[in-house]
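**Q** Kindly generate the corresponding structure for this input.
(4 chains)
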Number of protein chains: 2
Amino acid sequence: MTVTIKDVAKQAGVSAATVSRVLNNSGYVYEDTRKAVMEAIDRLQYKPNEVARSLYKRTSKLIGLVLPDIANPFFPALARGVEDKLQQQGYRVIFGNTDSDATKEMDYIDTFLQHNVVGLIASVDRLHHEVLSNLRVPVVTVDRTAEELPAVYADHKSGGRLAAEKLVTSGCKQIIVLRGPQDAKPLYDRFQSAMQYLSEKNISVNYIDCQLSFEDGRQKAKELFNQFPNTDGIIACNDLVAAAMLYEAANRKRKVPEQLQVIGYDDITISEIVHPSLTTIHQPTYDMGIKAADMLIKLINNEKLGTIHEQLPVYLKERNSTVNGGI
Amino acid sequence: MTVTIKDVAKQAGVSAATVSRVLNNSGYVYEDTRKAVMEAIDRLQYKPNEVARSLYKRTSKLIGLVLPDIANPFFPALARGVEDKLQQQGYRVIFGNTDSDATKEMDYIDTFLQHNVVGLIASVDRLHHEVLSNLRVPVVTVDRTAEELPAVYADHKSGGRLAAEKLVTSGCKQIIVLRGPQDAKPLYDRFQSAMQYLSEKNISVNYIDCQLSFEDGRQKAKELFNQFPNTDGIIACNDLVAAAMLYEAANRKRKVPEQLQVIGYDDITISEIVHPSLTTIHQPTYDMGIKAADMLIKLINNEKLGTIHEQLPVYLKERNSTVNGGI
DNA sequence: CTGAAAGCGCTAACAA
DNA sequence: TTGTTAGCGCTTTCAG
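**A** Predicted structure coming up:
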């Protein structure tokens, strides 16, 4: 049925070992034999069985990718970065959505390892990092990173400050911060640094806990507008939530940005699409994926890493949900 | 280093064959021996090596998922459906984004097979279907389906008609249809049926070719507004493109829906977020993923399929980019 | 009911 | 330079 290395060997009139040699460019092979083998391979359309290879070498071309939820538009962008880089280097991606559920994470990691993945890229909450620390393969964390592991992430301390700063310089006096899940480091960092900046500036500020979805955003938006009707500035934990704020503001005829300014986080595609378009903190999401893949490949190849922690810059992307210029 | 079946065997004082038997619930094993083996497994934290298993059985728990582009929000929803179902059944997903590029498709499919995937779920353009037809594993196509293969898709003929019908009953006289890539069956079907309905009703209609991205949508929106300034209804090929239309309409101060009505397709999250919120054709995207996975699992288990082609209904989701009521 | 042995397809010593 | 052999970890005859 399937054509194996033996078939090729027979066809080429050599031994399997020789075929293997030309396949892997290992050892010496006469140019003529190499040619004969190549022809046999072509003729038989032979493709090496990666599973057999993997069994012997105890390694593979597979890399596990563990993400919270690919339905959140931030992660597909990241995933594309990872995949594009890895695919180009001959690796393949196995992936799993964890919904930040520890059991699912364990489950995926286990089976990834059972499939001899040669490395892991993961974005998981802080509480679950121990799991990642003693694996027999290299791990790179991305976005939801771990101190003790290689990590690629954006500068959320700047991000949080930038957002707060923007609203303050644009004249907001009554600010509400939406606080994302604090188990996720990026959400923690940006919240803390925004709050710190605001308290330094003696701005009146309150916060509301919020999940990262549009749905929860709407829920919390309602609470917000009821509980804090005088709010003139909102710092959302991500763009989805910011969009929900805009949505509810429109429902209540609150003019954005004249009466209420809103700032998001991530700069996913929708932030440009919503009305008014969303001022936000831009993350280099795709690049983070690329970088994480890069880093992992280096680790796999036992190359030295420049830094264990690769922090990428963010910037303020001004659109129309905040007022332009200064105070 | 890694604990193998032999270690378990030694620990339990039996042979590897026996351990294998309890692992697979195959053959007869004394309850006592079974217990001993289980204990040894527990104590040693033994996890079977899936690669070795796969090599012998020439099969695995891996399923390949081939999608055009996970950055298009439609596909992550589909992917989640696929993954949730498969994961729950003990399968794992390897995936690849093809950007509708035949080479990438081939590449992924090849390596998936080399990894002994036990089945494939694919969404690829019609031109590339032949590749899928003679694989040694079952294939289910989803969304971008193939006649000759098992398929899960939404009823795009109804979808196209529904969209056209809506605009006509809402009083549009000058309609523009954005035509998506016609190599993709869903885009073909919905375009054809919309056009047919409109021609039956003797509505003045033109079309413009458009990619499925927001960016190209903006481009084409500009052309549209320049070339056909009297347009009062737009049928977009998907929600991303519809959002681009709204965006450009806002730029040009064209009032939606009063002067211009827009209808999208897919009902992805953003269609609710944009302003005005988008009337669209709802696809059961997540469910399509679930169904495709279901179907594939049946094929893998050699169960009979009720139908080879599973068509799911769509419906018109009315929001605020069209006017309410009838003529 | 259990163990010994062979083999899935490939690679890496080791000889020749 | 090439072939022979053994073995990666597991499953499955086949004896017993």
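
**Q** List the buried residues in the helix or strand hosting A:Asp42.
**A** Applying DSSP states H and E as the criterion places A:Asp42 in helix A:31-44. Judged by neighbour count (16 or more other CB atoms under 10 Å in any protein chain shown), helix A:31-44 contains these buried residues: A:Thr33, A:Arg34, A:Ala36, A:Val37, A:Ala40, A:Ile41. To be clear about C-beta, it is placed using only N, CA and C from the backbone, and glycine gets the same treatment.

**Q** can you check stretch A:307-323 too?
**A** By 16+ other CB under 10 Å, the buried positions in stretch A:307-323 come out as A:Glu310, A:Val314, A:Tyr315, A:Leu316, A:Lys317, A:Glu318, A:Arg319, A:Ser321, A:Thr322, A:Val323.

**Q** which one among the residues you listed gets closest to DNA strand C?
**A** Nearest to DNA strand C among the buried residues of stretch A:307-323: A:Glu310, at 31.5 Å, using CB to the nearest atom of the strand.

**Q** what stretches of the stretch 1-150 of chain A score poorly on pLDDT?
**A** Counting by pLDDT under 70, the stretch 1-150 of chain A contains low-confidence ranges at A:1.

**Q** Please enumerate the helices of it.
**A** Ranges of helices within the stretch 1-150 of chain A are A:5-12, A:16-24, A:31-44, A:50-57, A:74-88, A:102-114, A:129-133, based on DSSP state H, counting those that start in this stretch.

**Q** ok so, going back, out of the buried residues of helix A:31-44, which are close to DNA strand D?
**A** Among these, proximity to DNA strand D is found for A:Thr33, A:Arg34 (CB under 7 Å from any atom of the strand).

**Q** Distance to DNA strand C for the buried residues of helix A:31-44 - can I get that in TSV?
**A** Rendered in TSV, the data for the buried residues of helix A:31-44 read as follows (distance: CB to the nearest atom of the strand, whole Å):
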residue	distance to DNA strand C
A:Thr33	13
A:Arg34	14
A:Ala36	16
A:Val37	11
A:Ala40	12
A:Ile41	10
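
**Q** between the buried residues of helix A:31-44, which is nearest DNA strand D?
**A** A:Thr33 (3.4 Å).

**Q** shouldn't the closest one be in contact with A:Val19?
**A** No: assessed by CB atoms under 8 Å, A:Thr33 is found out of contact with A:Val19, at 9.5 Å.

**Q** tell me, what's touching these two both at once?
**A** Among the neighbours of A:Thr33, those also in contact with A:Val19 (CB atoms under 8 Å, 6 or more residues apart in numbering or on different chains) are A:Ala12.

**Q** gap between A:Leu212 and A:Asn226?
**A** As judged by CB to CB, to the nearest Å, A:Leu212 and A:Asn226 stand 22 Å apart.

**Q** That should have said A:Glu39, apologies.
**A** Plainly put, A:Glu39 is 77 Å away from A:Asn226 if you go by CB to CB.

**Q** And for A:Thr141?
**A** Distance, A:Thr141 to A:Asn226, by CB to CB: 39 Å.

**Q** Count the neighbours of whatever residue of the stretch 151-300 of chain A ends up closest to DNA strand D for me.
**A** With distances taken as CB to the nearest atom of the strand, the stretch 151-300 of chain A approaches DNA strand D most closely at A:Ile300, which sits 19.1 Å away. When neighbours are counted by other CB atoms under 10 Å in any protein chain shown, A:Ile300 registers 16.

**Q** quick one: contacts for the closest residue to DNA strand C within the stretch 51-200 of chain A?
**A** The minimum distance from the stretch 51-200 of chain A to DNA strand C, using CB to the nearest atom of the strand, falls at A:Ala52 (3.3 Å). For A:Ala52, the residues meeting the contact criterion (CB under 8 Å, 6+ apart) are B:Leu55.

**Q** Kindly recompute the last result at 10 Å.
**A** A:Ala52 makes contacts with A:Thr4, A:Ile5, B:Val51, B:Ala52, B:Ser54, B:Leu55, B:Gln114, B:Asn116, as judged by CB atoms under 10 Å, 6 or more residues apart in numbering or on different chains.

**Q** Count the residues that sit near the third one.
**A** By the other CB under 10 Å criterion, the neighbourhood of B:Val51 contains 26 residues.

**Q** wait, it sits on A:Glu50?
**A** Yes: in this structure B:Val51 lies within contact range of A:Glu50 using CB atoms under 10 Å: 9.2 Å.

**Q** between those two, what contacts are shared?
**A** Taking CB under 10 Å, 6+ apart as the contact criterion, the residues that touch both B:Val51 and A:Glu50 are A:Ser60, A:Leu62, A:Asn116, B:His115, B:Asn116.

**Q** With distance to B:Ile175 added, can I get the helices of the stretch 1-150 of chain A in a markdown table?
**A** Shown next, in a markdown table, are the helices of the stretch 1-150 of chain A (distance: least, CB to CB, whole Å):
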| stretch | distance to B:Ile175 |
| --- | --- |
| helix A:5-12 | 60 |
| helix A:16-24 | 59 |
| helix A:31-44 | 54 |
| helix A:50-57 | 52 |
| helix A:74-88 | 32 |
| helix A:102-114 | 47 |
| helix A:129-133 | 54 |
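
**Q** from what I can see the residue of the stretch 151-300 of chain A closest to DNA strand D touches A:Pro150, true?
**A** No: applying CB under 10 Å as the test, A:Ile300 and A:Pro150 come out as separate, 11.6 Å apart.

**Q** Next to DNA strand C, which bits of the stretch 1-150 of chain A? Give me the list.
**A** Listed as neighbours of DNA strand C in the stretch 1-150 of chain A under the rule CB under 7 Å from any atom of the strand: A:2, A:4-6, A:16-17, A:19-20, A:23-24, A:26, A:48-49, A:52-53, A:55-57.

**Q** roughly how far apart are the closest residue to chain B within chain A and B:Leu113?
**A** Proximity of chain A to chain B (CB to the nearest CB) peaks at A:His275, 3.6 Å away. Counting by CB to CB, the gap from A:His275 to B:Leu113 is 47 Å.

**Q** And for A:Val66?
**A** The spacing between A:Val66 and B:Leu113, counted by CB to CB, is 25 Å.

**Q** And A:Ser277, by the same measure?
**A** In this structure, A:Ser277 and B:Leu113 are 45 Å apart, going by CB to CB.
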